[in-house]
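Trainee: Provided below for reference: sequence and predicted model.
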Amino acid sequence: MVSIAPSMLGADFGKMRDAAELVAPHSSYLHMDVMDGHFVPNLTMGVDLVKALNGIAPLDVHLMVTDPVHFIDDFYDAGADIISVHVEANNPREALVKINQKNIKSGIAFNPSTPKEKIIPYLDIADMILVMSVEPGYCGQSFHENAIDRVKYFKTNFPSKIIEVDGGVSTQNSAILSKNGADILVAGSAIFKSSDPLQTIAEMKKS
Ligand code: DX5
Ligand code: ZN
């Protein structure tokens with residue numbers, strides 16, 4: 001069965017703990033989107049917010065920052081169970097090595113506009129492939145269909161890797177993504193803008 005990681009960026013920031021506690025029993029991870037206003041135009045959450053949710057569910061930290069290597073220690077200390085860095089950022093290899101030294105899972109993320117071959121040189125040291133299905137920066141964007149073929153390609157050619165898909169994921173595309181090999185589906189708006197978030201999670205898991 002596919003695992004679900006609600007993207008907390010889609011939750012009401014004033015009620016973050018309540019939102020996390022609601023979805024946690026039905027989810028494998030809480031997905032935490034960290035943006036620095038430089039790698040992407042937006043600023044979102046930092047170390048203290050991640051720390052505040054530590055212990056509610058395992059934490060999947062997605063770093064959309066220019067220099068991820070500077071932040072690995074802090075997010076590890078905040079309780080991250082997975083840390084992903086972008087292939088488009090500075091020194092992804094150094095960051096992945098640092099994550100692996102912490103004995104948590106490491107992920108290499110890449111944007112829809114980045115050729116998929118760019119991440120292959122990092123697969124010797126990354127546990128997870130984070131296939132972005134929107135250009136990073138914001139919740140609520142529409143799903144890039146090329147993610148489906150990318151999931152299939154990496155599941156077929158690198159079957160030992162965990163495949164996570166992030167961006168525009170919903171009950172409309174969860175079935176095709178899991179059928180093609182996705183292991184973890186990240187969803188923000190589809191869950192938190194739903195009138196029944198837990199029902200939405202259940203439907204995505206069934207797919
Ligand atoms: C985009 C983030 C995603 C986003 C997902 O930059 O990495 O995790 O919050 O939100 P939805 O599911 O609404 O696209
Ligand atoms: Zn994300």
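Mentor: Nice, I can see it. Ligands and ions are numbered 1, 2, ... in the order given.
Trainee: for the residue in the chain positioned nearest to ligand 1, what are its contacts?
Mentor: Per C-beta to the nearest ligand atom, Gly188 is where the chain lies closest to ligand 1, at 2.8 Å. Every C-beta, even on glycine, is put in place using the N, C-alpha and C of the backbone. Shown in contact with Gly188 (C-beta atoms under 8 Å, 6 or more residues apart in numbering): 6-11, 31, 139-140.
Trainee: Mind doing that once more with 10 Å?
Mentor: 5-11, 31, 33, 134, 138-141, 166-169 (C-beta atoms under 10 Å, 6 or more residues apart in numbering).
Trainee: Of those residues, keep whichever come out buried.
Mentor: By neighbour count, with 16 or more other C-beta atoms under 10 Å, the contacts of Gly188 hold 5-11, 31, 33, 134, 138-139, 166-169 as buried.
Trainee: that older thread, within reach of ligand 2, which of the contacts of Gly188 are there?
Mentor: For ligand 2, the contacts drawn from the contacts of Gly188 by C-beta under 5 Å from the ion are 33, 166.
Trainee: Pull out the buried residues from the lengthiest helix in the chain.
Mentor: In the chain, with assignment by DSSP state H, the single longest helix is helix 146-157. Within helix 146-157, the residues scored as buried using 16+ other C-beta under 10 Å are 147-148, 150-155.
Trainee: Out of those residues, flag the one nearest to ligand 2.
Mentor: Distance to ligand 2 across the buried residues of helix 146-157 (C-beta to the ion) is lowest for Ala147, with 12.9 Å.
Trainee: How confident was the prediction at the closest one?
Mentor: pLDDT for Ala147: 98.
Trainee: what about the closest residue to it other than its chain neighbours, neighbour count?
Mentor: Nearest non-adjacent residue to Ala147, counting by C-beta to C-beta, 6 or more residues apart in numbering: Ser133, 3.7 Å away. Using other C-beta atoms under 10 Å, Ser133 has 26 neighbouring residues.
Trainee: Next: Ser142.
Mentor: Ser142 has 10 nearby residues by other C-beta under 10 Å.
Trainee: can you put the buried residues of helix 146-157 in TSV and add distance to ligand 1?
Mentor: Converted to TSV, the buried residues of helix 146-157 look like this (distance: C-beta to the nearest ligand atom, whole Å):
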residue	distance to ligand 1
Ala147	11
Ile148	15
Arg150	16
Val151	16
Lys152	21
Tyr153	21
Phe154	18
Lys155	20
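Trainee: For Ile125, give me the pLDDT.
Mentor: With respect to pLDDT, Ile125 has a value of 98.
Trainee: pretty sure it is touching Lys105, no?
Mentor: No - contact criterion C-beta atoms under 10 Å: Ile125 and Lys105 do not qualify, at 11.6 Å.
Trainee: who's in contact with His38?
Mentor: Contacts of His38 (C-beta under 10 Å, 6+ apart): 64-67.
Trainee: for these, which one is nearest Phe192?
Mentor: Met64 (18.9 Å; C-beta to C-beta).
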